[in-house]
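[1] here is a sequence with its predicted model. Questions after.
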Amino acid sequence: MSVTDLPAAPGEAAREAVATSTTAGAELVQLLTPEGERVHHPDYDVDLTDDQYRDLYRDLVLVRRIDVEATALQRQGELGIWAALLGQEAAQVGSGRALRDKDFAFPTYREHGVAWCKGVDPLTLLGLFRGASNGGWDPQEKRFNLYTIVIGSQTLHATGYAMGITKDGAVGSDDGEAVIAYFGDGASSQGDVNEAFVWASVYNAPVVFFCQNNQWGISTPTTSQSRIPLYKRAEGFGFPGVRVDGNDVLASYAVTRKALDAARNGQGPTLVEAFTYRMGAHTTSDDPTRYRLASELEAWKLKDPLERMKSFLYKQQLVDSAFFEQLESDADALAARIRKGCLEMPDPEPLSIFDDVYDEQTPLLQEQRAAFGAYLAGFEAGH
Amino acid sequence: MSVTDLPAAPGEAAREAVATSTTAGAELVQLLTPEGERVHHPDYDVDLTDDQYRDLYRDLVLVRRIDVEATALQRQGELGIWAALLGQEAAQVGSGRALRDKDFAFPTYREHGVAWCKGVDPLTLLGLFRGASNGGWDPQEKRFNLYTIVIGSQTLHATGYAMGITKDGAVGSDDGEAVIAYFGDGASSQGDVNEAFVWASVYNAPVVFFCQNNQWGISTPTTSQSRIPLYKRAEGFGFPGVRVDGNDVLASYAVTRKALDAARNGQGPTLVEAFTYRMGAHTTSDDPTRYRLASELEAWKLKDPLERMKSFLYKQQLVDSAFFEQLESDADALAARIRKGCLEMPDPEPLSIFDDVYDEQTPLLQEQRAAFGAYLAGFEAGH
Amino acid sequence: MAQLTMAKALNEGLRTAMEKDPKVLIMGEDIGKLGGVFRVTDGLQKDFGEDRVFDTPLAESGIVGTAIGLAIRGYRPVCEIQFDGFIYPAYDQIVSQLAKIHARSRGQVKMPVTIRVPFGGGIGAVEHHSESPEAYFAHTAGLKVVTCSNPVDAHFMIQQAIASDDPVLFFEPKRRYWEKADVDTTMTPDPLWNARVVREGTDATLIAYGPMVKTCMDAATAAEEDGRSLEVVDLRSLSPLDFPTVLASVRRTGRAIVVHEAPSYVGLGAEIAARLSEELYYEMEAPVLRVTGFDTPYPPSRVEEEYLPDLDRVLHAVDRSLAY
Amino acid sequence: MAQLTMAKALNEGLRTAMEKDPKVLIMGEDIGKLGGVFRVTDGLQKDFGEDRVFDTPLAESGIVGTAIGLAIRGYRPVCEIQFDGFIYPAYDQIVSQLAKIHARSRGQVKMPVTIRVPFGGGIGAVEHHSESPEAYFAHTAGLKVVTCSNPVDAHFMIQQAIASDDPVLFFEPKRRYWEKADVDTTMTPDPLWNARVVREGTDATLIAYGPMVKTCMDAATAAEEDGRSLEVVDLRSLSPLDFPTVLASVRRTGRAIVVHEAPSYVGLGAEIAARLSEELYYEMEAPVLRVTGFDTPYPPSRVEEEYLPDLDRVLHAVDRSLAY
Ligand SMILES: Cc1ncc(C[n+]2csc(CCOP(=O)(O)OP(=O)(O)O)c2C)c(N)n1
Ligand SMILES: Cc1ncc(C[n+]2csc(CCOP(=O)(O)OP(=O)(O)O)c2C)c(N)n1
Ligand SMILES: [Mg+2]
Ligand SMILES: [Mg+2]
């Protein structure tokens, strides 16, 4: 672009077309239509076994079930809040399953589907939203960082981690390691995210920036964060960006895998924009009827990520009723387990407040811990 | 770009070619060759009177003279530090003269040439570097903000100001107002600068981002801030970017004027990358021999912004020796005036420390002021 | 006279400020159609339009940085930071620009920017949603820092903050948003920078602000049953501090306990204790005590009740004070 | 034993740390070829390579944010922030991430990150180059904050900070960079968190850190001529604070004056005064006094000598203290 072909001020209509419409434009990578038809793309493909196709669907169903159960638990007062992934299952499972064991993921607060793929017990996630912990899993063991709530921060951590991979010489071949940084459309406006783009590009870090554009940042539409499609942001920093249908688990898998492979092979960062939709509220505290039309949700329901994979499995005759029955009962069992676990989850010990603030405890906290312990003991003793 | 045409990891050589070479590539807008030949560009042109051409040269010469004098004053201990604009005169005078009176400029600490165009007395600038003030001119009157030292911050102020212009309805016609935000190549990495791009784009604010890529951020080459040319950054945010020869005062003028006119007419932001060179040290505290080759400076000397304008004036037969004599003597007078003013500049009153911290003074500062006043008086009284 | 929640009282205050001065703007994340996550700006965009009440992109430095530019242009921006823990990305703009521009320009550029921040804990939230960062700003010269403890103050203080030509950090105790009081919008409020004795007493002074004022009032009521008469001072303004009011109270009672949610170490309580200890050196009957959050990160919400100062911890400190 | 400036002593300390542990990295703006604007990292890139000593893009949040990621990967990054006034863009990463990750992960993720910050005034610099932001970090749970006052401490404390598995803000008094001392690199240093009585005395205790230690030592020397015996404590660690050492000294002298460049209001001096006043309630012979920078932005350098505490202001406070 030059000054001579300045775009006109974007009118409401033009801006609508950019990102909040339910059609994402021709640049969208898709391998599965909303009707479950398998389509082909010149640059991306998957070649999975029947079992793998079924497993992806299974993931989608189980992850949604976790989400539904958690939402119910919140409604019943068992969780303080819950950030639902409803509608984003395919983007998360697709990208999550594209990760190799040693690839490290840096999530936001909504990546329950990725957590699932990384083997994090959903109950641990519930602990966070219940207020019993700020995470609870071992990020190093799971290769899945703790949820990061301050928007955008984790993209820099991911980039730094990826720089470390390069320093370790663990990049540059197909055996290399890679990192994935999750963030939202809203987050794209944060300074930190753009600094992460600078760093990743300059150091050619093996990191995939995975932006779930779910069309909303709480009540703010993506058009209020950018007047052009988000995947194009990467161009300004000198690395590739690609937009994938985030409701298509196969495309999400294919695009992420390719970007991760490029990273591990030493080709540097990629920005993946997964075009998807937040079908629920921002969190259980939110009321989306205040800011968006029911019709928008209805339009997106036609692109439900589970339905289209289900249609695909049917069309390919990969499933029978036994499969669905088994899956249903597995889902029930999972839901029951996490419900039970949640209800039985102990509160943290009061004195744990003072623990682990530092690796080497300070005298001040030792004192405060002791004094508070004595104070509590005094109560128990009935003083 | 897509994942399929990933760029290879940029090798030292490739990165060198991107930005620190002394040739900026075909995309560079130039109206005057280093030899002072007038060349033409399909999108940009200037049509100035003979007087205007002479005035531009006069500005270049006077601004350089201010700079040289200030550097000397620093060496003599009269200034704490000085940030020389040596080599960047054309970028600053070209863009500064493109501003209309009501256009508002937001400078860094190096925009002495723009200050000159905006009618700020150079002596006031010296006051800042002497440590007698943090600025000293009235930004509202001059429509030239105070120097901002924290890298990148002012780009957001400029954008906010530009949003205010829109709110005032002072945009959308050729009578509109516009804003220019100055920053450096190093600054392009700061979160704030990228947030300013987001804001300006989303609100279609009438702001021109004028990046003087002088190839260095202290000791850090531009290639360590970006692996692609900086003007391309704008594309990622959905507005135009253009690279101009920053040592060409005519091209700098033409490109900036066109971008400002687009802004005032409601066409939103433009990023102008003025490709230039910091011929001196970063500041008088810096020692560039530690990090860059003398040959680089030599190569850039051949493109000196003053020399090429001088050649142009000669070739066009716009000047005679009387012109140069007059200019020389004006420059001498100016230098003498600011030298004298600097030497005579009073230190601030000690008690002024407490003034103007707030619009409505606080009791705490009243007390501290009174107590310190009494303390100082006690000294004078010889206690 | 209407019974209003604090959230609604703030909303009405913002509305009045906007009606009075067309230069007042409201900006922040989700403050438009949604009305803010706490609904403090509810209905304002509808009534004043998107030009004056607008959702920003998601970046706090951008919010404050552009607000500064708007102020240079002559506007009076009121920025909302969605939660206390999200003010830090804007820290540089606040501390190095907003706070310093008036002094830098020797008063030629005014910075009438108000930054509203819902703060403090007690609402069962996840990490970063229960912080008390006021000391970081009170320590910063060039800023003013205030906090309201009840709907009436909320209503007037927000208007006064907006009317101030200095930048004001306006902390709103989020767990008190839903508490109600009669608000007479026609009354003449106290000056913004004044502290207020909200309960008179003779044995000791509880010094608090924001969310802890109610806690201290409850403690004073409970103490009364034990025959103890506690005075409660609501600081309202944390910078500047209305020290004369505090001093006068403690001079009367001889004992002081400062209560806040923020960690103790280098907090507001330290400043008040230091100053009282110096100025009332001969008059204190006990050292100034502090009842505060611990010097740890705000804990997961299932233990926040233990972390937060409560009635019992306040009374425990009163006991300690009286034992001197 | 070599005579080293503080800058050189730090340089040697960094070198030793890098030799001892291959995971130590040095990163920041202009710290490579240039060796940092104060040359503290001079020669390190040449000797340890660009992989371990590297210039970063110009963005402080990026520096600290990527350092956190490198720490998660198992590295021990040492970040340089070029000047005190430029740490604020990184404030969010420091306060909400660096400080909290250890607690958030219940100790599973360690954060052995050191952030070096040349701080304080007195070098005739322009705005933002003379700040004393230590209180902002000392008030933040999860961080440790230290500062050296002389080349010997500089040499060892930087190594100890790097060896610490907690994040450490390492403040370097820039105007003391060029002062020299004999540094015996083979000696066994005091623990990093210990304060030190650097001069013994009986009449009053001067409590200082970083750049003000020398000022206090000079004051004590001058006072001696007037027959006054002043004790000087160098805090060294600001968080955690070695309170027992401070307490023991003030218990002996009965009088305390805290000296720092940072503004007074809600500063370190307030904390020390509050705590001393509480713990030595019956023992103080005068209130704790504070000699500090004023509660204003750091002024233009031609008046910085007036702003900064100096020998005379310290002695003036000693007079006031002794007058009680
Ligand atoms: C720095 C910061 N500012 C504000 C918030 C409050 N907040 C939480 S989620 C959210 C919207 C995020 O939108 P997006 O990045 O699109 O992610 P999504 O929630 O849609 O997954 C906001 C503003 C925050 N967590 N952090
Ligand atoms: C936030 C911040 N970080 C660091 C600095 C120190 N510093 C001053 S100038 C400079 C380099 C700036 O480079 P560039 O943006 O290219 O501008 P130039 O000096 O070349 O004009 C640095 C790092 C600063 N002023 N502000
Ligand atoms: Mg979103
Ligand atoms: Mg530069």
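    Yep, that arrived. Ligands and ions are numbered 1, 2, ... in the order given.

[2] for stretch A:179-193, buried residues please.
    A:179-193 (16 or more other Cβ atoms under 10 Å in any protein chain shown). From N, CA and C alone the C-beta is placed, and that goes for glycine too.

[3] can you tell me which of the residues you listed are in strands?
    Judged by DSSP state E, strands contain the following of the buried residues of stretch A:179-193: A:179-184.

[4] now, which of the residues you listed lie close to ligand 1?
    With Cβ under 6 Å from any ligand atom as the criterion, the members of those in contact with ligand 1 are A:G184.

[5] just the pLDDT for residue 18.
    Reading this off chain A. The predicted local confidence for A:V18 comes out at a pLDDT of 44.

[6] think we crossed wires, I meant chain C
    Reported pLDDT at C:M18 in the predicted model: 98.

[7] mind listing what it touches?
    C:24, C:26, C:44, C:48, C:52 (Cβ atoms under 8 Å, 6 or more residues apart in numbering or on different chains).

[8] quick one: the strands in the chain?
    Went with chain A since none was named. Along chain A, counting by DSSP E, strands occupy A:104-106, A:179-184, A:207-213, A:216-217, A:220-221, A:241-245, A:270-275.

[9] oops, I was thinking of chain C
    Counting by DSSP E, chain C forms strands over residues C:2-5, C:24-28, C:53-55, C:76-80, C:114-119, C:144-147, C:168-173, C:180-183, C:196-199, C:204-208, C:230-234, C:237-239, C:256-263, C:289-293, given from the N-terminal end onward.

[10] and the last one with strand C:256-263, angle?
    Here the directions of strand C:289-293 and strand C:256-263 differ by 20 degrees (axes from the mean of the first three to the mean of the last three Cα atoms, to 10 degrees).

[11] could you work out the end-to-end span of stretch A:102-112 for me?
    19 Å (Cα to Cα, to the nearest Å).

[12] quick check: buried residues in that stretch?
    Within stretch A:102-112, the residues that qualify as buried by neighbour count (16+ other Cβ under 10 Å) are A:103-112.

[13] state the mean pLDDT of it.
    98.

[14] what about that stretch, near ligand 1?
    Yes - using Cβ under 6 Å from any ligand atom, stretch A:102-112 reaches ligand 1 at A:R110.

[15] so that stretch, near ligand 3 or not?
    No - using Cβ under 5 Å from the ion, stretch A:102-112 never reaches ligand 3; the gap is at least 8.5 Å.

[16] now do the same contact list for C:I162.
    By Cβ under 8 Å, 6+ apart, the contact list for C:I162 reads C:14, C:17, C:21, C:24, C:76, C:78, C:112, C:114.

[17] spatially nearest residue to the third one (excluding sequence neighbours)?
    By the measure of Cβ to Cβ, 6 or more residues apart in numbering or on different chains, the closest residue to C:D21 outside its immediate chain neighbours is C:R76, 6.4 Å from it.

[18] pull the number of nearby residues for that neighbour.
    Around C:R76 sit 23 other residues, with neighbours defined as other Cβ atoms under 10 Å in any protein chain shown.

[19] just to revisit the earlier point, got the strands of chain A as TSV, with distance to A:V39 columns?
    Listed next are those as TSV, based on distance: least, Cβ to Cβ, whole Å:
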stretch	distance to A:V39
strand A:104-106	28
strand A:179-184	25
strand A:207-213	21
strand A:216-217	27
strand A:220-221	28
strand A:241-245	10
strand A:270-275	16
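
[20] can you give me the pLDDT of the closest residue to ligand 1 within the stretch 101-250 of chain A?
    With Cβ to the nearest ligand atom as the measure, A:G184 is the residue of the stretch 101-250 of chain A nearest to ligand 1, at 2.3 Å. The model reports A:G184 with a pLDDT of 98.

[21] correct me, but it touches A:I149?
    No - here A:G184 does not reach A:I149: they are 12.0 Å apart, not a contact under Cβ atoms under 8 Å.

[22] which residues are common contacts for these two?
    The contact sets of A:G184 and A:I149 overlap at A:T108 (Cβ under 8 Å, 6+ apart).

[23] could you list the contact residues of the stretch 1-150 of chain C toward chain D?
    The stretch 1-150 of chain C comes close to chain D at residues C:61, C:85, C:88-89, C:91-92, C:95-96, C:99-100, C:103-104, C:127-128, C:135-136, C:138-139, C:141-142, as judged by Cβ under 8 Å from any Cβ of the partner chain.

[24] go with 6 Å
    Among all residues of the stretch 1-150 of chain C, those adjacent to chain D (criterion: Cβ under 6 Å from any Cβ of the partner chain) are C:88-89, C:91-92, C:95-96, C:100, C:103, C:135-136, C:138-139, C:141-142.

[25] pLDDT weak spots in the stretch 101-250 of chain C?
    Across the stretch 101-250 of chain C, nothing is flagged by pLDDT under 70.

[26] just give the nearest non-adjacent residue to the residue of the stretch 101-250 of chain C found nearest ligand 1, would you?
    The minimum distance from the stretch 101-250 of chain C to ligand 1, using Cβ to the nearest ligand atom, falls at C:H128 (6.7 Å). In space, and not counting its chain neighbours, C:H128 is closest to C:G85: 3.0 Å by Cβ to Cβ, 6+ apart.

[27] how close does that neighbour get to D:V291?
    To D:V291, C:G85 is 35 Å away according to Cβ to Cβ, to the nearest Å.

[28] turn the residues of the stretch 1-150 of chain C next to chain D into JSON lines, including neighbour count.
    As requested, the residues of the stretch 1-150 of chain C next to chain D are exported to JSON lines (neighbours: other Cβ atoms under 10 Å in any protein chain shown):
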{"residue": "C:Y88", "neighbour count": "28"}
{"residue": "C:P89", "neighbour count": "31"}
{"residue": "C:Y91", "neighbour count": "25"}
{"residue": "C:D92", "neighbour count": "30"}
{"residue": "C:V95", "neighbour count": "26"}
{"residue": "C:S96", "neighbour count": "26"}
{"residue": "C:K100", "neighbour count": "27"}
{"residue": "C:A103", "neighbour count": "25"}
{"residue": "C:A135", "neighbour count": "29"}
{"residue": "C:Y136", "neighbour count": "29"}
{"residue": "C:A138", "neighbour count": "24"}
{"residue": "C:H139", "neighbour count": "28"}
{"residue": "C:A141", "neighbour count": "23"}
{"residue": "C:G142", "neighbour count": "26"}
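
[29] from those residues, which land in helices?
    With helices defined by DSSP state H, the entries of those inside them are C:91-92, C:103, C:135-136, C:138.

[30] most widely separated two among those residues?
    Across those, the two members that end up farthest from each other (Cβ to Cβ) are C:A103 and C:A135, 21.1 Å apart.

[31] kindly report the residues of chain A close to chain D.
    A:134-135, A:138-139, A:146, A:150, A:153, A:156-157, A:159-161, A:164, A:167, A:192, A:195, A:198-199, A:202, A:356-359, A:362-364.

[32] run through the residues that contact the closest residue to chain C within the stretch 51-200 of chain A.
    The shortest separation between the stretch 51-200 of chain A and chain C is 3.2 Å, found at A:G131 (distances taken as Cβ to the nearest Cβ). If you count contacts by Cβ atoms under 6 Å, 6 or more residues apart in numbering or on different chains, A:G131 has them with A:80, C:300-302.

[33] per-domain residue ranges of chain C.
    Residue ranges for the domains of chain C, per automatic domain parsing: C:2-183, C:196-323.

[34] what about the shortest one, near chain A?
    What that stands for is domain C:196-323. Yes - using Cβ under 6 Å from any Cβ, we find that domain C:196-323 touches chain A at C:294-296, C:299-303, C:306-307.

[35] first-to-last residue distance for that domain?
    With Cα to Cα as the measure, the ends of domain C:196-323 fall 27 Å from one another.

[36] repeat that for stretch A:223-235.
    Between the opening and closing residues of stretch A:223-235 there is a gap of 19 Å (Cα to Cα).

[37] mean confidence for it?
    Mean pLDDT, computed over stretch A:223-235, is 97.

[38] and that stretch, how far from the chain's centre?
    The offset between the C-alpha centroid of stretch A:223-235 and the centroid of the whole chain comes to 19 Å, using Cα atoms, centre = their mean, to the nearest Å.

[39] hmm, that stretch touching chain B?
    Yes - Stretch A:223-235 lies in contact with chain B when judged by Cβ under 6 Å from any Cβ; the contacting residues are A:227-228, A:233, A:235.
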